[in-house]
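> Provided below for reference: sequence and predicted model.
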Amino acid sequence: MSIGTRIRLLRKSKKMTLEELANQLNSRNSSSGFTKGRLSKWENDREEPKLSSLNQVARFFNVDIDYFFNDSHPSNTLPLSRNTIRVPVIGTIACGDPIDADENIVDYINVPEPIPANAFALICEGSSMEPSIIDGDKVVIEPTPDVEDGEVAAVLVDDQTKATLKRIKHIGNSIWLMPDNRDYDPIVLDAQHPGRIIGKAIKLMRDRI
């Protein structure tokens, strides 16, 4: 059963028209741009929704996003809610010296709600954020340039070719990227050494043995 068919099943279970569903989704997600025509394309498999849009549909119907990808559901049943969102893992980020930025999706993880629909996860490498964040942790990032002092952010440095995860501290016109591990030095961003904050850390996922 296709993603579009599953969306149609959910919509019909609420006895909603395409236009009603589009209006409801837009009222909850002001910048989403859902339309009757777009939903029709999805339901008829003429266009595949982006993962961020699919997350918003899943949240509206209070279902796990795995419902759209799991073939174990028979066509006449609907999934049970698990209150999680399927988040893409788009690569690694340094908790140490900055490493090459890479935005290829390598995996997906289920993250408990609430969480923004456009969130993504990064795998942490290194020890500069110990003991708060350790090597192998997955950190969930909310894309935003606005990060307050003391919050942890994913930052592009070195002409936006390297990525690092550090705690933010604003000093004058510069931004200091502070490690939690005192064995490491801060990275200073200023006019001579620019960088770009791509998002702030909002959840930490750690595998337990």
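Great, that's in hand. A quick note: this is a predicted structure, and the numbers were derived from the prediction, not measured.

> Pull out the CA atoms of stretch 155-173 and give them to me as CSV.
Presented in CSV, the C-alpha positions along stretch 155-173 are these (Å, rounded to 0.1, in the frame of the first residue of the first chain):
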residue,chain,number,x,y,z
VAL,A,155,27.7,25.2,13.8
LEU,A,156,29.4,25.4,10.4
VAL,A,157,32.9,26.8,10.5
ASP,A,158,35.9,27.2,8.1
ASP,A,159,34.0,28.7,5.2
GLN,A,160,31.0,26.5,6.1
THR,A,161,32.9,23.3,5.2
LYS,A,162,33.3,21.9,8.7
ALA,A,163,30.7,21.2,11.3
THR,A,164,31.0,21.2,15.1
LEU,A,165,28.7,20.9,18.1
LYS,A,166,29.4,23.4,20.9
ARG,A,167,27.8,25.5,23.6
ILE,A,168,27.1,29.1,22.6
LYS,A,169,28.5,32.2,24.3
HIS,A,170,28.1,35.7,22.8
ILE,A,171,30.9,38.1,23.7
GLY,A,172,30.7,41.5,22.0
ASN,A,173,30.5,41.0,18.3
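
> Would you mark the buried spots in it?
Buried positions in stretch 155-173, judged by neighbour count with 16 or more other C-beta atoms under 10 Å: 155-157, 162-169. Just so you know, the C-beta spots here come from the backbone N, C-alpha and C atoms, and that holds for glycine as well.

> Cross those against strands and list the overlap.
Using DSSP state E, the subset of these located in strands is 155-157, 162-169.

> Now flag whichever of the buried residues of stretch 155-173 is closest to residue 148.
Nearest to residue 148 among the buried residues of stretch 155-173, counting by C-beta to C-beta, is residue 168 at 7.0 Å.

> so how far is residue 198 from the closest one?
Separation of residue 168 from residue 198 (C-beta to C-beta, to the nearest Å) stands at 12 Å.

> joint contacts of these two?
residue 153 (C-beta atoms under 8 Å, 6 or more residues apart in numbering).

> Relative to residue 42, how far out is residue 85?
Relative to residue 42, residue 85 is positioned 19 Å away (C-beta to C-beta).

> Equivalent analysis for residue 203, please.
Relative to residue 42, and taking C-beta to C-beta, residue 203 is found at 28 Å.

> Same drill for these two, tell me which one is more crowded.
Set side by side, residue 203 and residue 42 show more neighbours around residue 42, with 24 against 16, by other C-beta atoms under 10 Å.

> Need the pLDDT of the more buried one.
Here the pLDDT value assigned to residue 42 is 92.

> Secondary structure class of it, three-state.
helix (DSSP: H, G, I helix; E, B strand; the rest coil).

> wait, isn't it in contact with residue 7?
Yes: Residue 42 is in contact with residue 7 according to C-beta atoms under 8 Å; the separation is 5.6 Å.
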